[in-house]
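Asks: Fold the following for me, if possible:
(chains A, B and C)
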Amino acid sequence: MPELPEVETTRRGIAPHIEGQKIDQVTIRNHKLRWPIPSDLADILGGQTIQSISRRAKYLLFQCDSGLLIIHLGMSGHLQIMTESDPIAKHSHFEIQLENKLILRFTDPRRFGAVLWTQEKSDDYHLLNHLGPEPLSDDFSSEYLIPLLTGRRCSIKTFIMNGHYVVGVGNIYANEALFLARIHPKTPAGEVVEADVDSLVRVIKEVLTKAIAAGGTTLKDFRKSDGKPGYFAQQLNVYGREGEACPQCASLIKQYKESQRASFYCPQCQTL
DNA sequence: ACATTGACCTGGGAGC
DNA sequence: TGCTCCCAGGTCAATG
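Replies: Alright, predicted model coming up:
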């Protein structure tokens, strides 16, 4: 479910309620996520203050007094600020009760998400140390990408969804960015010409920025931390629109499968 | 080093 | 209604 804009939307929604708050109590209802929630996490977190919450790629990082709480939303996870009277959903696996009586509750039906703890520096942590630069930073540029692309035979779509090189871009925004840059998703990564790499960098930043401004994309179950949907779905050009008219040229949007993920493109605007 | 595939899970919708 | 099959926003690990 959540790509960078949805994770960032979540971060912005919960930060004002939790930053600077002391943790009263932690409840783990189900340890079995992508990786097990550390069994001593409740003891570790109790009494600590959440100093700040930041984001790296699609990971949320909660800086606590003695280490870092790391949450990944997986495909179906969401974090919401709730109160004691809010009912506990079937798949609410983890929650933090704060001194201000608010509850940060993690719900994830498919359990592809993760709740982890480390005392390492975030850049050294094994799930974060291999990640590409933040796409909205100046480090993410065509100068950075061009050397990585040369000679590569995977498709450009597969490439931009690979967190080793580009982070935050999942299936929705990969399709949208390639449409905006007028690049066919099957184009071998090493054959994307420099001018198109420039465009691609520009549109990735643009589409992520606009999606954050809209509060993310709600297809079915993504909800902002206040329970409301994000509105970027209305601005999608190709994702989920097979058979509809391309907004640029009115050709019919096509779909195909690539490594078990649906790819959408306009056969007129995005040629091989 | 790189490319491809399977694995982890549940729920919703389509089709019969 | 109910069954089966397919699909879904992620990404690591294992395999050539």
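
Asks: use CA for all of it now, contacts and neighbours both
Replies: Fine.

Asks: The residue nearest to residue A:160 when sequence neighbours are not counted: what's it in contact with?
Replies: Once flanking residues are discounted, residue A:160 sits nearest to residue A:166: 5.4 Å by CA to CA, 6 or more residues apart in numbering. Residue A:166 is in contact with A:131, A:132, A:133, A:134, A:135, A:159, A:160, counting by CA atoms under 8 Å, 6 or more residues apart in numbering.

Asks: Mind exporting the C-alpha coordinates of the helix or strand harbouring residue A:255 to PDB?
Replies: Assigned by DSSP states H and E, residue A:255 falls within strand A:254-258. The C-alpha trace of strand A:254-258 is given here as PDB (Å, rounded to 0.1, in the frame of the first residue of the first chain):
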ATOM      1  CA  LYS A 254      -2.500  -0.600 -21.800                       C
ATOM      2  CA  GLN A 255      -1.500  -2.900 -19.100                       C
ATOM      3  CA  TYR A 256       0.900  -5.800 -18.900                       C
ATOM      4  CA  LYS A 257       2.500  -7.800 -16.100                       C
ATOM      5  CA  GLU A 258       6.200  -7.500 -15.200                       C
END
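
Asks: Could you identify the helix or strand that succeeds that strand?
Replies: Defined by DSSP H and E, the subsequent element after strand A:254-258 is strand A:261-265.

Asks: Against which helices or strands is that next one packed?
Replies: Applying 3 or more CA pairs under 8 Å, 6 or more residues apart in numbering; DSSP states H and E, we find strand A:261-265 packed against helix A:171-180, strand A:254-258.

Asks: which of these is buried the deepest?
Replies: helix A:171-180 (a mean of 24; mean count of other CA atoms under 10 Å).

Asks: any bit of it sitting next to DNA strand C?
Replies: Yes: Helix A:171-180 reaches DNA strand C (CA under 7 Å from any atom of the strand) through A:171, A:172.

Asks: which element follows that helix toward the C-terminus?
Replies: Next along from helix A:171-180, by DSSP H and E: helix A:194-213.

Asks: which non-adjacent residue is nearest residue A:272?
Replies: Leaving out its chain neighbours, the residue that sits closest to residue A:272 by CA to CA, 6+ apart is residue A:184, at 5.7 Å.

Asks: And the one you found, its phi and psi?
Replies: Torsion angles at residue A:184 (phi, psi; degrees, to the nearest 10) stand at phi -70, psi 130.

Asks: Tell me which residues touch it, please.
Replies: Counting by CA under 8 Å, 6+ apart, residue A:184 has contacts A:178, A:265, A:270, A:271, A:272.

Asks: doesn't residue A:222 make contact with residue A:232?
Replies: No: counting by CA atoms under 8 Å, residue A:232 sits too far from residue A:222 to count as a contact (11.5 Å).

Asks: Which one's more surrounded, these two?
Replies: residue A:222 (22 against 19; other CA atoms under 10 Å).

Asks: picking up where we left off before, select only the buried ones of the contacts of residue A:184 in ChimeraX?
Replies: With 16 or more other CA atoms under 10 Å as the criterion, this ChimeraX line picks the buried residues out of those:
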select /A:178,265,270
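
Asks: Report the contact partners of residue A:261.
Replies: Residue A:261 sits next to residue A:171 when contact means CA under 8 Å, 6+ apart.

Asks: what bridges to it?
Replies: On the basis of DSSP bridges, residue A:261 is bridged to residue A:258.

Asks: How much space separates it from DNA strand B?
Replies: Applying CA to the nearest atom of the strand, to the nearest Å, the value for residue A:261 to DNA strand B is 10 Å.

Asks: now do residue A:254
Replies: 18 Å.

Asks: sorry, back to before: distance check, the residue nearest to residue A:272 against DNA strand C.
Replies: Separation of residue A:184 from DNA strand C (CA to the nearest atom of the strand): 17 Å.
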